[in-house]
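Q: based on what follows, work out the 3D shape:
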Amino acid sequence: MRYVTVRITPKEGTAFHPLGQALSDEPSVTREAVHRNELLDDGTCAMLAEARGDRNRYEEILEESLHVLDYAVTGTDCWWYSYTHYEPTDLTRRMLEQRGESEVMMEMPYDVAEDGSMEITFVGDEQTFAGAMPMGGDAFTIEVLETGDHHPEVDDLFGTLTARQQEILDTAVRLGYYQNPRKATHEEIADQVDASPSTVGEHLRKIESHVFSEFVQTGAAGDTRRRPKS
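A: From the prediction side, this is the model:
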């Protein structure tokens, strides 16, 4: 197996998504990484991202965005993780669809720079790379930063969720379970995923405990948050 790390940069006057552009343009917020970004069955997207700086301003941007359907933020006042359910642009949708159809794997998380560019590592057989790189036409440029033999690491918490847990989490977000005020109950989620309300509640508790306890570990256990880029 081989890997290739690339920098994907929006061309001047373009952006991958208006929400990302608004966050990149805000000097009090630093986007650190994207841990998950998925195209859902209903055509919307769910993203788990990491950022630091002014958390109140970050949440204001999410609240004001016409593309954001709902969100949840957890962490400290200066360093946090957000789960955002949003409407994609045509470019975002094409990129996510191409990723889903590709034979190579995209390592998560990927870094987001101050200018909105992304540094992403792809892993796969060497002959598959040529047709696997994202194609954006005039929307962005791609620069190869590094390539070599791949030595896998497990660094994707969402990838450790079972398929059933991912289905229940996606349904909960889509129905507004994590909105404030909450717009869905365990019973309503259960109707969508063919499970009992108690089973849905148990899955959500396990998901939240697993994901967020791993993301926000401080004190005696050690701080696992990503450090600012130099």
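Q: please count neighbours and contacts with C-alpha atoms only from this point.
A: Will do.
Q: can you give me the helices for the chain?
A: Taking DSSP state H as the test, the helices found in the chain are 18-25, 55-64, 90-101, 163-175, 186-193, 197-215.
Q: out of these, nearest to residue 75?
A: helix 197-215 (8.3 Å; Cα to Cα).
Q: picking that back up, export the helices of the chain as JSON lines, with columns for mean pLDDT.
A: Below are the helices of the chain laid out as JSON lines (pLDDT from 0 to 100):
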{"stretch": "helix 18-25", "mean pLDDT": "90"}
{"stretch": "helix 55-64", "mean pLDDT": "95"}
{"stretch": "helix 90-101", "mean pLDDT": "83"}
{"stretch": "helix 163-175", "mean pLDDT": "87"}
{"stretch": "helix 186-193", "mean pLDDT": "94"}
{"stretch": "helix 197-215", "mean pLDDT": "78"}
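Q: list the residues that contact residue 36.
A: Counting by Cα atoms under 8 Å, 6 or more residues apart in numbering, residue 36 makes contact with 46-49, 108-109, 158.
Q: if you set the cut-off to 6 Å instead, what comes out?
A: Contacts for residue 36 (Cα atoms under 6 Å, 6 or more residues apart in numbering) come out as 47-48.
Q: ok, now how distant is residue 76 from residue 59?
A: Separation of residue 76 from residue 59 (Cα to Cα, to the nearest Å) stands at 13 Å.
Q: tally up the residues packed near the nearest residue to residue 89 once chain neighbours are set aside, please.
A: Closest residue to residue 89 apart from its sequence neighbours, by Cα to Cα, 6 or more residues apart in numbering: residue 17 at 6.3 Å. Counted with other Cα atoms under 10 Å, residues neighbouring residue 17 total 17.
Q: ok, back up a step: residue 76 and residue 59: who's more crowded?
A: Neighbour count, other Cα under 10 Å: between residue 76 and residue 59, residue 59 has more, with 15 against 11.
Q: find the nearest non-adjacent residue to that one, please.
A: Leaving aside its chain neighbours, residue 59 sits nearest to residue 73 (7.9 Å; criterion: Cα to Cα, 6+ apart).
Q: surely the one you found meets residue 85?
A: No. Look at residue 73 against residue 85 with Cα atoms under 6 Å: they stay out of range, at 11.8 Å.
Q: those two: which has the busier surroundings?
A: Counting neighbours by other Cα under 10 Å for residue 73 and for residue 85 shows that residue 85 has the greater number, 25 against 17.
Q: quickly list what the more buried one is bridged to.
A: residue 46, residue 70 (DSSP bridges).
Q: show the pLDDT at it.
A: Looking at residue 85, its pLDDT stands at 95.
Q: switch to numbering from 462
A: In the new numbering, first residue 462, that becomes residue 546.
Q: for residue 488, see how far away it is.
A: Using Cα to Cα, we find residue 546 at a distance of 23 Å from residue 488.
Q: tell me the spacing between the residue nearest to residue 520 and residue 564.
A: When residue 534 is compared with residue 564 (using Cα to Cα), they lie 33 Å apart.
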